[in-house]
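Enquirer: Predicted model and sequence follow; I will ask about them next.
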Amino acid sequence: MEPFETTETMEREELRELQLERLRALLPRVRDAVPTYRGRWEEAGVDVDAIAALDDLARLPFTRKADLRDTYPFGLFAVPPEQVARIHGSSGTTGKPTIVGYTGEDLDLFATMVARCLVMAGARPGMKLHNAYGYGLFTGGLGLHGGAERLGMTVVPVSGGMTERQVTLIEDLRPDVICVTPTYALTLCQAFRERGVAPEEISLRYAVLGAEPWTEAMREEIDAGLGVRATNIYGLSEIIGPGVSGECVEARHGSHLNEDHFLAEIVDPETGAPLGPGEEGVLVITTLTKQALPLVRYWTGDITSLDETPCACGRTLARMATIAGRTDDMLIVRGVNVYPTQVATLLGEVAGLTSNYRLVLRRGATMDEVEVEVEAREGTDRHTQDMASHLARLIKETIGCSMTVAVLDPGALPRSDGGKVVRVLDQRGEPTALADQA
Ligand code: DLL
């Protein structure tokens, strides 16, 4: 292992001391610069100068996406506008984007965090990167770009879409690493297959995949289809973008959280109470060193757990489990809480299906219904009805509720064109109990 920075292998006790020192510098700065925080903390009766241990952080209220929306666009910024060097945003499903900002120092941190994750994934200086994340307000394109340049890679800034051109560029420029969403990686696998290019002829060695949930079955398919070792990269615009955590190629078992800059807690989704290592809950992050938009106890909505045990790669940074779902994607189907990702995980167990899927919510005669649309794999000899009942049975047994399954022809579902794929289609009109937004 060649870590990018020594903080990646610090003793955990030493790391906690560094986190506390940074937290104690952060809180008064945020209090003095951001009226929203100042007001909230006063209301909660917490004097942040008195925070003496990491556990004391739990006395402060959470910050949520709604707070960014309510103070849109710059209300939570902690620096004067002229110090903001760049703006990014996340599209969101309704209305205006969430706006985030970076000072020059923040951009430096962003690049360093992404460079770290690229090294974890197998990338090295001098390697060539095909960057198929979208460029623009989305943090993926420019984020990976900056990190790769920081590492000393050659970057091909392709952005998403135009699949034929992507394939041609990979064939001609012979990159070593690709950064792309997992669903678009599958689209590229198919495009190579259709061109008759065998995986061992493709120059790529590593794939750095993120921005949306994916499964082990997808990893196997991408590894085999592109001839790579695929790893996960996680992040969200509010915290910095990609680079909050990344998987090491040695273990490929959880994503190392960059805890020297992002202090993570796992809390109970209902009560907000802190949970311990290994327990699954909502990831809450405090940005320890960010300048323009520092966030304290930010409720990411992502469900995961943390593993602090040593990793084969030698890094001591805790590892985040695969995102099990988002609190705001949770559906309540006949009283059972369901995350779309739970269905995704089962697809790999049904021979003859691709990993593409969509949940369609419809109003039924007596209650609302969920239909799972999936695709038959090209050339499978299994009967459609057989695959449908197999998946329906797995859903009933493992998730505990009934859904109907429709197996569509290969390629019938919308494909990723580089961006995130929409997995839930709500055809019910007015909201009902079935899909209460958590
Ligand atoms: O998706 C940042 C990013 C870009 C990450 C490129 C990785 C690669 P947002 O658009 O703000 O930022 O979306 C953040 O996407 O809260 C998760 O729900 C989801 N997400 C991001 N990475 C992963 C991942 C970028 N590796 C939201 N696995 C997050 C599962 C992910 N979900």
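Expert: Yep, that arrived. Numbering: from 1, shown residues only.
Enquirer: Over to the closest residue to residue 307 other than its chain neighbours: give its phi and psi.
Expert: For residue 307, ignoring the flanking residues on the chain, the nearest one in space by CB to CB, 6 or more residues apart in numbering is residue 319 at 4.6 Å. Glycine gets a C-beta too; all of them are placed from N, C-alpha and C. Backbone torsions of residue 319, given as degrees, to the nearest 10, read phi -110, psi 130.
Enquirer: give me the number of residues near the closest residue to the ligand within the chain?
Expert: Residue of the chain nearest the ligand, by CB to the nearest ligand atom: residue 210 (3.0 Å). Residue 210 has 27 neighbours, counted by other CB atoms under 10 Å.
Enquirer: ok but residue 125 is inside a helix, no?
Expert: No. Read with DSSP: H, G, I helix; E, B strand; the rest coil, residue 125 is coil and lies in no helix.
Enquirer: Point out the other helices and strands that the helix or strand of the chain with the lowest mean pLDDT packs with.
Expert: Every helix and strand of the chain was ranked by mean pLDDT, DSSP states H and E. The lowest is strand 331-333, at a mean of 83. In terms of contacts (3 or more CB pairs under 8 Å, 6 or more residues apart in numbering; DSSP states H and E), strand 331-333 is packed against strand 336-338, strand 368-376.
Enquirer: Relative to the first one, what are the paired strands and their orientations?
Expert: In other words, strand 336-338. strand 331-333 (antiparallel) (DSSP bridges).
Enquirer: Next: the last one.
Expert: For strand 368-376, the pairing partners within the sheet under DSSP bridges are strand 353-363 (antiparallel), strand 404-408 (parallel).
Enquirer: Take the longest one, keep the C-alpha atoms, and write them as PDB.
Expert: Taking Å, rounded to 0.1, in the frame of the first residue of the first chain, the C-alpha atoms of strand 353-363 are listed here in PDB:
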ATOM      1  CA  LEU A 353     -32.000 -11.000 -15.000                       C
ATOM      2  CA  THR A 354     -29.800  -7.900 -15.600                       C
ATOM      3  CA  SER A 355     -29.100  -5.600 -12.700                       C
ATOM      4  CA  ASN A 356     -31.400  -2.900 -14.200                       C
ATOM      5  CA  TYR A 357     -34.700  -2.300 -12.400                       C
ATOM      6  CA  ARG A 358     -37.400   0.200 -11.600                       C
ATOM      7  CA  LEU A 359     -40.100   0.300  -8.900                       C
ATOM      8  CA  VAL A 360     -43.500   1.500 -10.200                       C
ATOM      9  CA  LEU A 361     -45.900   2.700  -7.600                       C
ATOM     10  CA  ARG A 362     -49.600   2.400  -8.600                       C
ATOM     11  CA  ARG A 363     -52.900   2.900  -7.000                       C
END
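Enquirer: What residues of that strand count as buried?
Expert: Neighbour-count burial for strand 353-363 flags 353, 354, 355, 356, 357, 358, 359, 360, 361 (criterion: 16 or more other CB atoms under 10 Å).
Enquirer: residues in the protein within reach of the ligand, list them.
Expert: 90, 133, 138-140, 210-213, 232-237, 241-242, 300, 302, 323, 326 (CB under 6 Å from any ligand atom).
Enquirer: re the thing from before, state the pair within the buried residues of strand 353-363 that is farthest apart.
Expert: Using CB to CB, those span at most 21.5 Å, a distance reached by 354 and 361.
Enquirer: coming back round to it: I'd like the helices and strands packed on strand 331-333 as TSV, with mean pLDDT and mean neighbour count appended.
Expert: Formatted as TSV, the helices and strands packed on strand 331-333 follow (pLDDT from 0 to 100; neighbours: other CB atoms under 10 Å):
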stretch	mean pLDDT	mean neighbour count
strand 336-338	87	17
strand 368-376	93	20
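Enquirer: Do a quick rundown of the helices in this structure.
Expert: With helices called from DSSP state H, the chain shows them at 12-33, 35-43, 65-70, 104-120, 139-151, 163-173, 182-195, 216-226, 340-347, 384-394.
Enquirer: Need the winner for burial among those helices.
Expert: helix 139-151 (a mean of 25; mean count of other CB atoms under 10 Å).
Enquirer: Now do that one, average pLDDT.
Expert: Helix 139-151 shows a mean pLDDT of 98.
Enquirer: How is the protein partitioned into domains?
Expert: 1-326, 331-426 (automatic domain parsing).
Enquirer: Are any of the residues of the chain next to the ligand buried, and if so which?
Expert: Members of the residues of the chain next to the ligand classed as buried by 16+ other CB under 10 Å are 90, 133, 138-140, 210-213, 232-237, 241-242, 300, 302, 323, 326.
Enquirer: Mind checking which of these are in strands?
Expert: Judged by DSSP state E, those include 90, 210, 232, 233, 234, 235, 236, 241, 242, 300, 302, 326 as members of strands.
Enquirer: Report the beta-bridge partners for the first one.
Expert: Applying DSSP bridges to residue 90 yields these beta-bridge partners: residue 98.
Enquirer: Is it in contact with residue 68, as I believe?
Expert: No. Counting by CB atoms under 8 Å, residue 90 does not reach residue 68; the two are 9.6 Å apart.
Enquirer: which residues are in contact with both of these two?
Expert: Shared contacts of residue 90 and residue 68, defined by CB atoms under 8 Å, 6 or more residues apart in numbering, comprise 98, 100, 238.
Enquirer: For the stretch 101-250 of the chain, give me the ranges with low pLDDT.
Expert: Scanning the stretch 101-250 of the chain for pLDDT under 70 picks out nothing.
Enquirer: pLDDT weak spots in the stretch 301-438 of the chain?
Expert: Ranges of the stretch 301-438 of the chain meeting pLDDT under 70: 430-438.
Enquirer: if you set the cut-off to 50 instead, what comes out?
Expert: The stretch 301-438 of the chain contains residues with pLDDT under 50 at 432-438.
Enquirer: thinking again about what came up before, can you put the helices and strands packed on strand 331-333 in TSV and add distance to residue 386?
Expert: Rendered in TSV, the data for the helices and strands packed on strand 331-333 read as follows (distance: least, CB to CB, whole Å):
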stretch	distance to residue 386
strand 336-338	24
strand 368-376	11
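Enquirer: how about those, which one is nearest residue 257?
Expert: Comparing those by CB to CB, strand 336-338 comes nearest, at 25.5 Å.
Enquirer: how many other residues sit next to the closest residue to residue 378 other than its chain neighbours?
Expert: Nearest non-adjacent residue to residue 378, counting by CB to CB, 6+ apart: residue 410, 4.5 Å away. Using other CB under 10 Å, residue 410 is surrounded by 14 other residues.
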